[in-house]
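Asks: Next one to model:
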Amino acid sequence: MRFLPTLLFSLFAIGLGTLAVMQQIRGNLDFIFGSPPLQIGDVVYQFDPESVGRMHVLNDDGTRAVVIKKGGAWILEEPWEDYADARIIRSIIDFASRLQIEDVIERDDVEDLAEFGLRKDRIEVELFDKSGSPLCHFKIGRYTTWRGFDPTLKLDDPTQTPPSFPTLIIRPAEDEMEDHLYVCSDFADPNLREVPIRELFTQSLRLFRNHLVFYNAPGFAGEITLKEKKSEITIKRDSMSKGAEWKIIKPFELSVSPASLNQLISGLTRLQAGIVLDESAIALPEPLADNIDHTISIRYFLPDGTLSTPVSAIFYPPENEQATDVPVIISEGPEKRRSAILKVSQAPGSILSGIPRSVNTLRSRTMTSLQVKQIESVTVSDFTGRSISLNLELDPHERARRWYARVHEDSGQTGETEGYNGPANIFQVKDLFESLCKDEVEGFTNDASTDPKDYGLDQPIRRIKLGLTGGKTLNIVIGEKLRPQYFARRADGGQPLVISEEAYEAGIKGESHPEIDIVSRPPDPKARPPSGLELLGLDKPKVVTINEIVIHLGQANSRHFFANRLDEKGNSTPHVVEIQPEALNKMPLKSYHWRSVRLWNINRFEINGLIIKKAGEAALELSYNFYSQEWTAFKQGKDVTALLNPNKAEKLLKKLTDISVQQWKGPIDDNASFRLSDPTLQISVLIEDIDEEGVERGKVRRELRLSEVVAGQPNRLYYGKTDSDPNYFLLDAATFQRLSVELLEK
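Replies: Residues are numbered from 1 along each chain as shown. Down below sits the predicted model:
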């Protein structure tokens, strides 16, 4: 009879022992008794998003997906064997790792899970780490009326409303956690997604398929090739280091435009399909040269610094004339192709239409293809012997290097003389470097030039020598050539338009041409009659009739300027560019252009008084004592010292001793002379003259006259001249306003 109690006691002991062991192994007994509910503010799952290596998804339409991470890339195994969109996968992982609880619902209090979207409409997600161990398993239900705001999100504009998405019903699928439902916030990283989480699962999980044309970021590329039926362009860099420059290596060796390069890399990075189809969806011919439109290939840097095999996007022509997208297949190497067809938009304004794909859009469009920081010295000279040299030299006062100018001019009698030697005008230096390194050229005339005479380069009007960092030099010559230019207008009053030589020749033959068609349009009856026809060869035009419309054709010669970069031996190279005429204005050779911006050297302690005369007003006479800081003021013979604002007077005095010239105009300028004959503002500075022995010799009067460049309109610049300098100058409006400040209180 004692056997039964003994058996029961033994089973009880075994059970307790088993529970103790499970407690030691698992840390809790939630899998048997259920876990206690998590609290509001808790996060449902605690795991490192970077540890995820596998994802299973069961969609609300029954579609299943299996995604695994291989070599840093997310790969779909189901329902397609294809690349997964890393942004979608990372968004789901980020969502799962940040399920913050806003409310807790007991499962026993729920009569029908369908009311919470956890039956037919549920979405089920399961994540595993790289070793295959489960990290989380949950079901996503419907949205609620609450919205969650990410407390960690920092906005640049604190007044802006932070983004938010509706909260969702989440039910953990782990056995020990099934007793509770949670209302959780949907915190989204704006860099990954801008839509609520459930929208990622629409279209039978088609968004999971990678829509990017290039899965790996083109920013890691070492070589990019753009190939069309009749052209092939390759750009390359030696490494991914910050200083490595991209170069066009095919069809010619040319520098790359930084702006165009950024446009290319950015475009390739963002280039994606509107839809991704199975290979069987469209019957495409073999990707032979005659069957395709163009190809973009990228070779990436490998860890050892070598380049990968090309990953090529092969673009087919549109299926018909109405189609706005084109089929694209991706080749990842010999006999290896992505098992998908991408439909990429080529409509105007699309990413594909904005990708530069020609030599002239990719090449550098500046005269030198350099950055200012690469230049240590500049010498500009002409055929008369005039020259200007700029060098970076240490300024002992500023403890920094600054540009110094040495200008040599031919006096005509004694030969070469030095016209100026001192700190260079910072505004003129800026203009020069803009012309060399920033301003775009007018156009690319020839990449196979053989005769410099065709561009006036055999007798250059400018020679430019650049000393570069590292001891290298660069030589450029600029030539001038008269070239014919063609014009056309309707005979009954049309405005002249520039046309091409091709259009001109067609017009002479009485043939139509698209440019002639534009000229043929009826003139605006309100337009003013054209003038200056003699300058365009239209005063004695060739008269032709095209489509019953009388057209006047004209021809005139115009000056064109060309630049050529010489080789190391000083010989011309095949690449000639046409530059803007304004480029020569930015590299003047007269000494006054390069003078320091400082107008004059006057110290405050030397000033005894001022006489200020504004147009239409009586003169204001001021006396000043530097040591006592006392002012007296007279106007029309009356003492107005009590009305004088000493703070404004002190600021005026400070500005007078530190005036910066915007641009020196030289000693001859008819308009400046006329405008300054009746100045807008005239300031006379009274200075105590002291001889070499320190004895006072009386007062010296220094005069400054300023006037508007254009009368009666807001002026950006003002003419100026002093009585001690023959050169006129330009002053900026801000300085003029500070010099013309009202000193007397009303």
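
Asks: contacts, neighbours, all on C-alpha from now
Replies: OK.

Asks: For the nearest residue to W664 once chain neighbours are set aside, report the pLDDT, please.
Replies: Distances taken as C-alpha to C-alpha, 6 or more residues apart in numbering place F729 nearest to W664, at 4.3 Å, with adjacent residues excluded. Listed pLDDT for F729 reads 91.

Asks: Next: the one 5 residues further on.
Replies: At A734 the predicted local confidence, pLDDT, stands at 90.

Asks: Can you classify it as helix, strand or coil?
Replies: Using DSSP: H, G, I helix; E, B strand; the rest coil, the structure places A734 in helix.

Asks: list the contacts for it?
Replies: Not one residue lies near A734 by C-alpha atoms under 8 Å, 6 or more residues apart in numbering.

Asks: run the last query once more with 10 Å
Replies: By C-alpha atoms under 10 Å, 6 or more residues apart in numbering, the contact list for A734 reads 716-717.

Asks: And for E742?
Replies: When contacts are counted by C-alpha under 10 Å, 6+ apart, E742 touches 644-645, 648-649, 652.

Asks: go on, H294?
Replies: H294 makes contact with 226-232, 313-317, 328, 357, according to C-alpha under 10 Å, 6+ apart.

Asks: which one of the residues you listed has the most neighbours?
Replies: Counting neighbours by other C-alpha atoms under 10 Å, V328 leads these with 24 neighbours.

Asks: L302 contacts S308, doesn't it?
Replies: Yes: in this structure, L302 is within contact of S308 by C-alpha atoms under 10 Å, at 6.2 Å.

Asks: so what sits against both of the two?
Replies: Taking C-alpha under 10 Å, 6+ apart as the criterion, L302 and S308 both touch 221-222.

Asks: more crowded one of those two?
Replies: Taking other C-alpha under 10 Å, L302 and S308 do not tie; S308 has more neighbours (17 against 13).

Asks: what about that one, distance to K236?
Replies: Computed as C-alpha to C-alpha, to the nearest Å, the S308 to K236 distance reads 13 Å.

Asks: quick one: S239 and A221 touch, right?
Replies: Yes: look at S239 against A221 with C-alpha under 10 Å: they come within range, at 9.3 Å.

Asks: Overlap of the contact sets of those two?
Replies: Counting by C-alpha under 10 Å, 6+ apart, the common neighbours of S239 and A221 are 301, 307.

Asks: Looking at these two, which is more packed in?
Replies: For S239 versus A221, the count of surrounding residues by other C-alpha under 10 Å is larger for A221: 20 against 17.

Asks: from memory that one sits against Y300, does it?
Replies: Yes: under the criterion of C-alpha under 10 Å, A221 makes contact with Y300 at 4.2 Å.

Asks: residues shared between the contacts of these two?
Replies: Shared contacts of A221 and Y300 (C-alpha under 10 Å, 6+ apart): 307-308.

Asks: Please enumerate the strands of the stretch 351-500 of the chain.
Replies: Remark: strands assigned in the stretch 351-500 of the chain by DSSP state E, counting those that start in this stretch are 375-381, 387-395, 400-410, 416-423, 443-446, 462-468, 473-490, 497-499.

Asks: Need those in a markdown table (columns: distance to S684).
Replies: Compiled in a markdown table, the strands of the stretch 351-500 of the chain are given as follows (distance: least, C-alpha to C-alpha, whole Å):
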| stretch | distance to S684 |
| --- | --- |
| strand 375-381 | 39 |
| strand 387-395 | 32 |
| strand 400-410 | 31 |
| strand 416-423 | 27 |
| strand 443-446 | 51 |
| strand 462-468 | 42 |
| strand 473-490 | 45 |
| strand 497-499 | 53 |
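
Asks: For E332, which of those is the nearest?
Replies: When the strands of the stretch 351-500 of the chain are compared by C-alpha to C-alpha, strand 443-446 sits nearest E332, at 35.5 Å.

Asks: Alpha carbons of that closest one, as CSV, please.
Replies: This file holds the C-alpha atoms of strand 443-446, laid out as CSV (Å, rounded to 0.1, in the frame of the first residue of the first chain):
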residue,chain,number,x,y,z
GLY,A,443,32.7,75.1,-76.0
PHE,A,444,35.0,72.3,-77.0
THR,A,445,36.0,72.9,-80.6
ASN,A,446,38.3,70.1,-81.4
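
Asks: residues in contact with it?
Replies: By C-alpha under 10 Å, 6+ apart, strand 443-446 touches 360, 363, 365-366, 455, 562, 574-580.

Asks: One more pass at 7 Å, please.
Replies: Residues outside strand 443-446 that contact it (C-alpha atoms under 7 Å, 6 or more residues apart in numbering) are 575-578.

Asks: out of these, which are inside strands?
Replies: Among those, the members found in strands (DSSP state E) are 576-578.

Asks: Export these to a markdown table and append columns for neighbour count, distance to Q713 and pLDDT.
Replies: Shown next, in a markdown table, are the ones in strands among the contacts of strand 443-446 (neighbours: other C-alpha atoms under 10 Å; distance: C-alpha to C-alpha, whole Å; pLDDT from 0 to 100):
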| residue | neighbour count | distance to Q713 | pLDDT |
| --- | --- | --- | --- |
| V576 | 23 | 43 | 90 |
| V577 | 22 | 39 | 90 |
| E578 | 22 | 36 | 90 |
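
Asks: Return the member of the residues you listed nearest to N585.
Replies: E578 (15.3 Å).

Asks: hey, what's that closest one bridged with?
Replies: Taking DSSP bridges, one finds G443, F562 as the beta-bridge partners of E578.

Asks: Check whether it really touches F562, as I assumed.
Replies: Yes: contact criterion C-alpha atoms under 7 Å: E578 and F562 qualify, at 4.3 Å.

Asks: Perfect, I'm done here.
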